[in-house]
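Asker: coordinates only, sequence not included:
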Ligand SMILES: Nc1ncnc2c1ncn2[C@@H]1O[C@H](COP(=O)(O)OP(=O)(O)OP(=O)(O)O)[C@@H](O)[C@H]1O
């Protein structure tokens, strides 16, 4: 059974069909990667899924709930979190304060029945737990904006986890990273799969082929192919699309 199902999604910009009847599913604990050359429609699709753009057709379901016409904010409440290519970290605040803000924003009524002290303790404990998940427990007091780019991306992931997502949308998490940071991010994402299903949009093919259970290839707004890594690697049309663009290894 799929946790997440997007069915026949359509998005038009004037005469251009940027998303053309795209269907896509993600199972529990699965990493589904979305790849495609520049302009294939990946960002548009992610914006449709996260609710930043309204769809012109199709439907989006998460864990039996229809999200298609919900606001981006309500989609987060229903279990869909997104990490942005452009980091959502408050650069002037400490790592801990960033995490506390995110935890508080998503805590709902969880801490409301507790006294002020216990509530603060609960929020702090959850913030520390999130820092631990992404390996930032030793940097809680650091000002976020002074941390290296790769570390800020980890904080970005922790902020998305604060919402306790069922599906985590990772939009180019390796963008701008060197090989060492990329490898650390691959290891982090591999650990996160026990926590949430993941839809991964990424240009780094090494990372995609290490992490993905399934890959869908977009081209001109359509799904050109969808299957496991071996199927995609050997798919002649996928090879043709990537020939001279990037090597599918
Ligand atoms: N707001 C918009 N208005 C008009 N056309 C748009 C808009 N956003 C995207 N497009 C067009 O839709 C198509 C898909 O763009 P999109 O950014 O989704 O592709 P992409 O696969 O994410 O590309 P990249 O890998 O370069 O980010 C492109 O032809 C793009 O020019």
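Answerer: Noted; the coordinates are in hand. It should be emphasised that the depicted structure is a prediction, and the values quoted were computed from it without experimental measurement.
Asker: buried residues in the worst-scoring helix or strand of the chain on mean pLDDT?
Answerer: Lowest by mean pLDDT, DSSP states H and E among the helices and strands of the chain is helix 116-133, with a mean of 84. Residues of helix 116-133 classed as buried by neighbour count (16 or more other C-beta atoms under 10 Å): 119, 123, 126-128, 130-131, 133. Bear in mind the C-beta positions are built from the backbone N, C-alpha and C, glycine included.
Asker: out of these, which are close to the ligand?
Answerer: The subset of the buried residues of helix 116-133 lying close to the ligand, counting by C-beta under 6 Å from any ligand atom, is empty.
Asker: pLDDT score for residue 1?
Answerer: What the model reports as pLDDT for residue 1 is 78.
Asker: stretch 72-86 vs the ligand: in contact?
Answerer: No. Using C-beta under 6 Å from any ligand atom, we find that stretch 72-86 stays clear of the ligand, coming within 8.6 Å at best.
Asker: all helices of the chain, in order?
Answerer: Remark: helices assigned in the chain by DSSP state H are 42-50, 72-77, 95-106, 116-133, 149-161, 179-192, 205-211, 229-234, 236-242.
Asker: report all helices and strands that the longest one contacts.
Answerer: The contact analysis (3 or more C-beta pairs under 8 Å, 6 or more residues apart in numbering; DSSP states H and E) places helix 116-133 against helix 95-106, helix 149-161.
Asker: and the angle from the longest one to helix 95-106?
Answerer: Just to be clear, that refers to helix 149-161. 20 degrees (axes from the mean of the first three to the mean of the last three C-alpha atoms, to 10 degrees).
Asker: which elements pack onto helix 149-161?
Answerer: By 3+ C-beta pairs under 8 Å, 6+ apart, helix 149-161 packs against strand 80-83, helix 95-106, helix 116-133, strand 167-171, helix 179-192.
Asker: quick one: contacts for the nearest residue to residue 24 once chain neighbours are set aside?
Answerer: Once flanking residues are discounted, residue 24 sits nearest to residue 6: 4.6 Å by C-beta to C-beta, 6 or more residues apart in numbering. Residue 6 is in contact with 22-25, 45, 48-49, 58-61, counting by C-beta atoms under 8 Å, 6 or more residues apart in numbering.
Asker: now the buried members of those residues.
Answerer: Applying 16+ other C-beta under 10 Å to the contacts of residue 6, the neighbour count classes 22, 24-25, 45, 48-49, 58, 60-61 as buried.
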